[in-house]
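Chemist: Generate a structure from the sequence data that follows.
(one chain, ligands or ions: 2)
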Amino acid sequence: MSMHNHDTPPSESPASDIPAPVSSAVEETGPEEVLYAAHKKIYVRSTSGIFARWRWILVWITQVVFFGLPWLTWNGRQAVWLNLVERKFYVFGWVFWPQEVLYLSVLLIISAYSLFFFTAIAGRLWCGYACPQTVYTEIFLWIEEKIEGDHSARMKLDKAPISGRKFALKTAKYTIWAVFALWTGVTFVSYFSSMEGLLKSVPTFGFGPWERFWIFFYGTFTFVFAGFMREQVCKYMCPYARFQSVMFDQDTLIVTYDGARGEPRGVRRKGEDPASRGDCIDCGICVQVCPTGIDIRNGLQYECIGCAACVDACDLIMDKLDLPRGLVRYTTENALKRGWGPSETLNHVRRPRTLIYGTILLGIIIAFIWGLATRMPLRFDVIRDPFSLGREVSGGMVENDYILKVMNLAEEKRSFVISVTGPDGILLVGDNQVTVDPAGNLEVLLQARLPKPKEGSQSRSDQIYFEVVSTNDPNLQRRKKAVFLYPN
Ligand code: SF4
Ligand code: SF4
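Modeler: Ligands and ions are numbered 1, 2, ... in the order given. So this is what the prediction gives:
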């Protein structure tokens, strides 16, 4: 699939397939009064090629996952459901509780290491292909182009005075953007509120106050960020651009212009010695397709999100000129300096830094999967009742109260037996057989008894252990330590 639905190479000049030189894709609309920065609107030109295809593949993957997951069901409920009211997070067959925040922390560590790893290998892969800002800008641009036409048509339309056609086109574009943006809001909220419930509210707009707030908040962000702010989010708001250079080194693959091959740039004239000029014909197409409006020929810039649209665009120009592709390409600073070929370049991408990141990342992922696979669907907490002291009871015994919380993480009802162990003579008082609902929890108040300490004993406390065991699976068990207090 081509980016923005262009299947043909860029072409401007009627006399030739090679576009006439154009210096910039940035429309000089003059500074507008905006809150974030003086703004010049960029009319991104569409292009096609291998990297445009990859960007669209990533758009499809991320959006199929995002929009599709809330529609899946599992055991009669939404497959992925972060139920904040019940404080349970359902992920297919797993039910996570707030106490299991460790899994979330490990996921965040995996995300951070993935970012380090992939950035060390090939720069801003995340920004160029998978960041929601890039993905939604891509979708909004596609809608814009379908309605208003290619970049020149959009430029002309914006310059033209208001007319019935202009009004109709703009209204259609904003309406489709708004509906799409609101649906992203509904989808986002459905992860917390269940899609089934939200769908029932759609016809009457009878969402709860928080649902309404988040649908509009998320939808408005999508609409404004992807429709209007676009590259400004990457340039001025995203912190990642500012510290990315720390993760790059001279062997990181980045989108680069090969100056040695391209310069001196300029239009090729008839009869001119081809050796007198470099391969860059200064057509400016690489600038026109750039979503951030920069010129890659000026070297690595923090505004570059690494989308490689300029690579695709320049390759198409090189094809028309019958010159080798790759005047703008993914390469490393070292490769460019030393004239390395692709295999030597890739060999240097495999360096201690990427190997260390990769090994750590793999280790954490394996540990995470192992943790999930061996996760016991039972949790158990014990606290000594803070409002009751240890007291003497009949038979020369001392009694303490304990609140035990049994959490059944499985999606079927389970019965458990609770027992206590500790110093000789320990007894458990109360009903020690409990049945807990699927993905439910039960609090029980039980008493433990121990013989009174002998006269003169200095002992004021003892360690005891509570154990909970499933009645039909002895391997499903948990043990917790507790303190037993003797009265003074
Ligand atoms: S680098 Fe390629 S696309 Fe950019 S101006 Fe030169 S020839 Fe044109
Ligand atoms: S310079 Fe090239 S890779 Fe960087 S943002 Fe612009 S088009 Fe994308």
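
Chemist: any idea which helix or strand of the protein has the worst average confidence?
Modeler: Here the helix or strand of the chain ranked lowest by mean pLDDT, DSSP states H and E is helix 240-247, holding a mean of 77.

Chemist: Against which helices or strands is the helix or strand that comes right after that one packed?
Modeler: Heading C-terminal from helix 240-247, the first helix or strand you meet, by DSSP states H and E, is strand 254-257. Using 3 or more CB pairs under 8 Å, 6 or more residues apart in numbering; DSSP states H and E, the elements in contact with strand 254-257 are strand 328-331, helix 333-338. Quick note: C-beta positions are derived from backbone N, CA and C, even for glycine.

Chemist: Now do strand 254-257: everything it contacts.
Modeler: 122-123, 248, 280, 286, 296-297, 299-300, 304, 306-308, 310-311, 327-333, 336 (CB atoms under 8 Å, 6 or more residues apart in numbering).

Chemist: ChimeraX command for the buried members of these?
Modeler: Buried residues among those (16 or more other CB atoms under 10 Å), as a ChimeraX selection:
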select :122,123,248,280,286,296,297,300,304,306,307,308,310,311,327,328,329,330,331,332,333,336
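
Chemist: of the contacts of strand 254-257, list those near ligand 1.
Modeler: Restricting the contacts of strand 254-257 to those within reach of ligand 1 (CB under 6 Å from any ligand atom) leaves 280, 286, 297, 327-328.

Chemist: In a markdown table: these, plus pLDDT and distance to ligand 2.
Modeler: Listed next are these as a markdown table, based on pLDDT from 0 to 100; distance: CB to the nearest ligand atom, whole Å:
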| residue | pLDDT | distance to ligand 2 |
| --- | --- | --- |
| Cys280 | 96 | 14 |
| Cys286 | 97 | 7 |
| Arg297 | 96 | 9 |
| Leu327 | 97 | 12 |
| Val328 | 97 | 7 |
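
Chemist: can you pull the contacts of the residue nearest the centre of the chain?
Modeler: The centroid of the chain falls nearest to Cys131 when counting by CA atoms, centre = their mean (7.1 Å). Cys131 makes contact with Ile305, according to CB under 8 Å, 6+ apart.

Chemist: Longest helix in the protein, by number of residues?
Modeler: helix 164-193 (DSSP state H).

Chemist: Give me the distance between that one and the centre of its chain.
Modeler: 22 Å (CA atoms, centre = their mean, to the nearest Å).

Chemist: go on, stretch 310-326?
Modeler: That offset, for stretch 310-326, works out to 33 Å (CA atoms, centre = their mean).

Chemist: With stretch 444-460 instead?
Modeler: Relative to its parent chain, stretch 444-460 has a centroid offset of 54 Å by CA atoms, centre = their mean.

Chemist: Equivalent analysis for stretch 94-104, please.
Modeler: 19 Å.

Chemist: CA-only coordinates of it in PDB, if you can.
Modeler: What follows is stretch 94-104, C-alpha atoms only, in PDB (Å, rounded to 0.1, in the frame of the first residue of the first chain):
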ATOM      1  CA  TRP A  94      -5.800 -14.000  33.600                       C
ATOM      2  CA  VAL A  95      -7.300 -11.900  36.300                       C
ATOM      3  CA  PHE A  96      -4.800  -9.400  37.800                       C
ATOM      4  CA  TRP A  97      -5.300  -7.600  41.100                       C
ATOM      5  CA  PRO A  98      -3.800  -4.300  42.300                       C
ATOM      6  CA  GLN A  99      -1.500  -6.300  44.500                       C
ATOM      7  CA  GLU A 100       0.100  -7.700  41.400                       C
ATOM      8  CA  VAL A 101       1.400  -4.400  40.200                       C
ATOM      9  CA  LEU A 102       4.800  -6.100  39.800                       C
ATOM     10  CA  TYR A 103       3.600  -7.400  36.400                       C
ATOM     11  CA  LEU A 104       2.800  -3.900  35.200                       C
END
